[in-house]
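1. here's my sequence, what's the structure:
(chains A and B)
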Amino acid sequence: KQEVTQIPAALSVPEGENLVLNCSFTDSAIYNLQWFRQDPGKGLTSLLLIQSSQREQTSGRLNASLDKSSGRSTLYIAASQPGDSATYLCAAPTSGGYNKLIFGAGTRLAVHP
Amino acid sequence: EAGVTQSPTHLIKTRGQQATLRCSPISGHTSVYWYQQALGLGLQFLLWYDEGEERNRGNFPPRFSGRQFPNYSSELNVNALELEDSALYLCASSLIGGSEKLFFGSGTQLSVL
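-> This next block holds a predicted model:
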């Protein structure tokens, strides 16, 4: 049974800092892992999708890595800005279920000026 | 290009009533997913529809049901509403079922009084 854990639960940093958000999963037989952003009371915005054959994906100031053997993924945010304040969620497919994503509880990020 | 659209944005019902939530996927997407995000419980997978068929279901009672129409839009029905059904209901779509990015709508906030 897939379980997804995110650490830390909350993070408050000054603007400009480089950040690392962590995600761990129990079933390493995944074919991809996704990172999402959620603003309060809103839906999810897809940030990055890493296929199992890839080690990392980059989009702008965001970089996500995937290490299946250790059951870990990290989301790196460079030069954080107040507009990055949101909850960041990672999601991995459940065992044998292509489209049944299991979400972590998220990391609530606050970037202050 | 329009994203995933959900209606209504907010829905207020009383215990025992029925609620109907609607979702239109991104044009060209055939798979539609429903997730529930209740306070303190995180995102829980509800249903997956593809090509008009229910393909997978989460651990929810049968009073949660839905369907997908020939134009790939979808409806989620919740019968005999209970107080704990109060949550943000999120719809997502993907190009095909499988290892594709999920795109989420803004959600329907259901409040059961």
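
2. next SSE after the worst-scoring helix or strand of chain A on mean pLDDT?
-> Counting by mean pLDDT, DSSP states H and E, the weakest-scoring helix or strand in chain A turns out to be strand A:97-103, with a mean of 77. Per DSSP states H and E, the first helix or strand lying C-terminal to strand A:97-103 is strand A:107-112.

3. what average pLDDT does that following strand get?
-> Across strand A:107-112, pLDDT averages out at 97.

4. gap between residue A:101 and residue B:100?
-> Separation of residue A:101 from residue B:100 (C-beta to C-beta, to the nearest Å): 11 Å. Backbone N, C-alpha and C define where each C-beta goes, glycine included.

5. the two: which is more packed in?
-> Higher neighbour count among residue A:101 and residue B:100: residue A:101, with 25 against 17, using other C-beta atoms under 10 Å in any protein chain shown.

6. ok, what's across the strand from the more buried one?
-> For residue A:101, the beta-bridge partners are residue A:93 (DSSP bridges).

7. surely it is in contact with residue A:32?
-> No - look at residue A:101 against residue A:32 with C-beta atoms under 8 Å: they stay out of range, at 9.7 Å.

8. list the residues that contact both of those two?
-> With contacts defined as C-beta atoms under 8 Å, 6 or more residues apart in numbering or on different chains, the residues shared by residue A:101 and residue A:32 are A:92, A:93.

9. does the residue nearest the centre of chain B sit in a helix, a strand or a coil?
-> Computing the C-alpha centroid of chain B and ranking residues by C-alpha atoms, centre = their mean puts residue B:34 first, at 3.3 Å. In three-state terms, and counting by DSSP: H, G, I helix; E, B strand; the rest coil, residue B:34 is strand.

10. which residue, neighbours along the chain excluded, lies closest to it?
-> Distance criterion C-beta to C-beta, 6 or more residues apart in numbering or on different chains; nearest residue to residue B:34, sequence neighbours excluded, is residue B:46 at 4.0 Å.

11. ok, which residues in chain B are in contact with chain A?
-> Where chain B comes near chain A, counting by C-beta under 8 Å from any C-beta of the partner chain, the residues are B:4, B:6, B:31, B:33, B:42-43, B:45, B:48, B:50, B:55-56, B:58, B:88, B:90, B:92, B:94, B:97-107, B:109.

12. low-confidence ranges, the chain, go.
-> Chain wasn't specified; assuming chain A. A:95-99 (pLDDT under 70).

13. right idea, wrong chain: chain B
-> The model of chain B has pLDDT under 70 over residues B:1, B:97-99.
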